[in-house]
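S.K.: need the 3D shape of this:
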Amino acid sequence: MARTPESRPNHRGTLVAVICLVTVVFDGYDLIVFGTTIPSLLAYEPWSLDAAQLGVIAGYAMIGMLLGTLLSGFATDLLGRRRLFLACATWFSLCMLGCALAPSSWVFALFRLLSGIGLGGILPTAIALTVEFAPPNRRNFFSAVMSSGFSAGSIVASLLGIAVLESHGFRPMFAFGVLPLVLIVPIAWRVLPESIDFLVAKGRLAEAREVAARYGKTVPEPVSAADDAGIGTLLKPPFRRVVAVFAATCLIGQLFIYGLGTWLPQIMRSAGYPLGSALQFLTAMSVGAIAGAAVMSWTADRIGPRRVAFTGFLIGVAALVVLSLNPPTAVLYVAVALAGVGANGTAVILNGFIATWFPAQVRASALGTIMTVARFGGILGPLLGGWIAAAQVPAQWNFYVFLLPVALGAVFVLLLPRTRSSVPAPHNAVSTV
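M.R.: Alright, predicted model coming up:
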């Protein structure tokens, strides 16, 4: 039997995933670094910031990400995934340098907002590229490993904070975020391919065939304007309900990730742990997220992502209950790691679920639309954490505030479709799943 191009071994897709992975590491670093610097920013006398103000500044980055995710959906159609990826990486790197050099708190807040615009476009673009060029039977795994770069970036932020913050303050932590412009963008410019789907949509069929041949992929049939599927298709049955449930579920996941991830070091500081130990808890959460994403994605490729995502949210609920009970330190580390599984690990599975469930013609639009809605959770999470910290309520409320939403997330997962076949592809769509 003749082998199709996608059935032949080809490792070039792994290089695409690696480039996306390293960039997402910095994406995660640039977002979580704010949480690691909160104790230092609170102690920085020239700016005289309090917890509520820092919660608002944390929300600015999420607002920027909301705008970036929204704009990326339109920019992808104009620029293509490759150029959008490069533009976003360059933008957030320069804005991180602006944060490091900010002369005042309002300039710092402005650059956090602007950096979020670049950060918001990275993840959906990276997921779409990774899934498109991954082996057909390993797409959940490739997507999960690439997306776990976010948690790896959190670890880098925590470890660098332990080494740098007490002696040098917060500015070097943000200056570190300029490295993608120096290390990643030049390499990505040379080796990252353009999306085959984008090339076909633009009528650049010769280029599409060349990229497909190089990466062992098949070229989808050109789609006429009448059959083109985008955001409008997602807002019609049978996709509309599925998009709404995915969006609500991912919103809760983002609330959990950014709420707990932003405030965990300060929560531990308030509980009496020194800065270094407080940052170690963030490291434990990130390690749990990476390990959880790897195991959960491997499982999702075998039993499906729906059941795995449901289990992930239940793990998050259990972890928050344990954290609220003020357990011994060893148990606390385990619970924090499990919170990472329930937060970041589950979000990784949901991203892969979206990317592999929707047909190729609406995949980028689905990712962009759902992630845009989900960013509201990323805005609300840090704000909730800041309000709780400023209210000086008992410590367990720092975890209670996330408990009900995470439990609701598990309920929403049950409303997601069981299989891809339950919703037909748009007319003339070519499935790549």
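S.K.: can you report how many residues neighbour residue 325?
M.R.: For residue 325, the neighbour count with other Cβ atoms under 10 Å is 11. C-beta coordinates here come from the backbone N, C-alpha and C atoms, glycine included.
S.K.: right, I mislabeled it, should have said residue 182
M.R.: 9.
S.K.: now the helix or strand where it lies - C-alpha only, PDB.
M.R.: Per DSSP states H and E: residue 182 is located in helix 179-183. The C-alpha coordinates for helix 179-183 follow below in PDB (Å, rounded to 0.1, in the frame of the first residue of the first chain):
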ATOM      1  CA  LEU A 179      16.300  37.700  25.000                       C
ATOM      2  CA  PRO A 180      13.700  36.300  22.500                       C
ATOM      3  CA  LEU A 181      14.500  39.300  20.200                       C
ATOM      4  CA  VAL A 182      18.200  38.300  20.300                       C
ATOM      5  CA  LEU A 183      18.100  34.500  20.400                       C
END
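S.K.: in that helix, what counts as buried?
M.R.: Buried positions in helix 179-183, judged by neighbour count with 16 or more other Cβ atoms under 10 Å: 180, 181.
S.K.: quick check: mean pLDDT across the helix or strand just after that helix?
M.R.: Using DSSP H and E, the helix or strand that directly follows helix 179-183 along the chain is helix 185-191. Over the span of helix 185-191, the pLDDT mean works out to 90.
S.K.: packing partners for helix 185-191?
M.R.: For helix 185-191, the contact count by 3 or more Cβ pairs under 8 Å, 6 or more residues apart in numbering; DSSP states H and E identifies helix 12-42, helix 81-101 as packing neighbours.
S.K.: can you give me how far the helix or strand that that helix is followed by is from the chain middle?
M.R.: Next helix or strand after helix 185-191 toward the C-terminus (DSSP H and E): helix 196-201. Going by Cα atoms, centre = their mean, to the nearest Å, the spacing between the C-alpha centre of helix 196-201 and its chain's C-alpha centre is 25 Å.
S.K.: which residues are in contact with the following helix or strand past helix 196-201?
M.R.: Note on helix 196-201: by DSSP H and E, the next helix or strand toward the C-terminus is helix 205-215. Applying Cβ atoms under 8 Å, 6 or more residues apart in numbering, the contact partners of helix 205-215 are 5, 10, 12-13, 16, 133, 193-194, 196, 199-200, 217-219, 222.
S.K.: now tabulate the helices and strands packed on helix 185-191 in TSV and tack on distance to residue 299, mean neighbour count and mean pLDDT.
M.R.: Shown next, in TSV, are these (distance: least, Cβ to Cβ, whole Å; neighbours: other Cβ atoms under 10 Å; pLDDT from 0 to 100):
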stretch	distance to residue 299	mean neighbour count	mean pLDDT
helix 12-42	19	23	86
helix 81-101	28	22	91
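S.K.: please identify which of the ones you listed is closest to residue 170.
M.R.: helix 12-42 (4.0 Å; Cβ to Cβ).
S.K.: counting by contacts, list what the helix or strand just after the closest one packs against.
M.R.: Toward the C-terminus, helix 12-42 is succeeded by helix 51-79 as the next helix or strand (DSSP H and E). Under the contact criterion of 3+ Cβ pairs under 8 Å, 6+ apart, helix 51-79 touches helix 12-42, helix 81-101, helix 105-133, helix 239-270, helix 360-391.
S.K.: try it again at 10 Å.
M.R.: Applying 3 or more Cβ pairs under 10 Å, 6 or more residues apart in numbering; DSSP states H and E, one finds that helix 51-79 contacts helix 12-42, helix 81-101, helix 105-133, helix 196-201, helix 239-270, helix 360-391.
S.K.: distance from the chain centre to that helix, please.
M.R.: Between the centre of helix 51-79 and the centre of its chain there are 12 Å (Cα atoms, centre = their mean).
S.K.: rewinding a little: what's the helix holding residue 182 packed up against?
M.R.: Short answer (3+ Cβ pairs under 10 Å, 6+ apart): helix 179-183 packs on helix 12-42, helix 81-101.
S.K.: what's the distance between it and the middle of its chain?
M.R.: Using Cα atoms, centre = their mean, the offset of helix 179-183 from its chain centre is 20 Å.
S.K.: before we move on, what about stretch 241-248?
M.R.: Stretch 241-248 sits 17 Å away from the centroid of its parent chain (Cα atoms, centre = their mean).
S.K.: buried stuff in that stretch?
M.R.: Applying 16+ other Cβ under 10 Å to stretch 241-248 flags 242, 243, 244, 245, 246, 247, 248 as buried.
S.K.: equivalent analysis for stretch 181-195, please.
M.R.: Across stretch 181-195, burial judged by 16+ other Cβ under 10 Å covers 181, 184, 185, 188, 192, 193, 194, 195.
S.K.: wait, isn't the fifth one in contact with residue 16?
M.R.: Yes. Here residue 192 lies in contact with residue 16, judged by Cβ atoms under 10 Å, at a distance of 6.7 Å.
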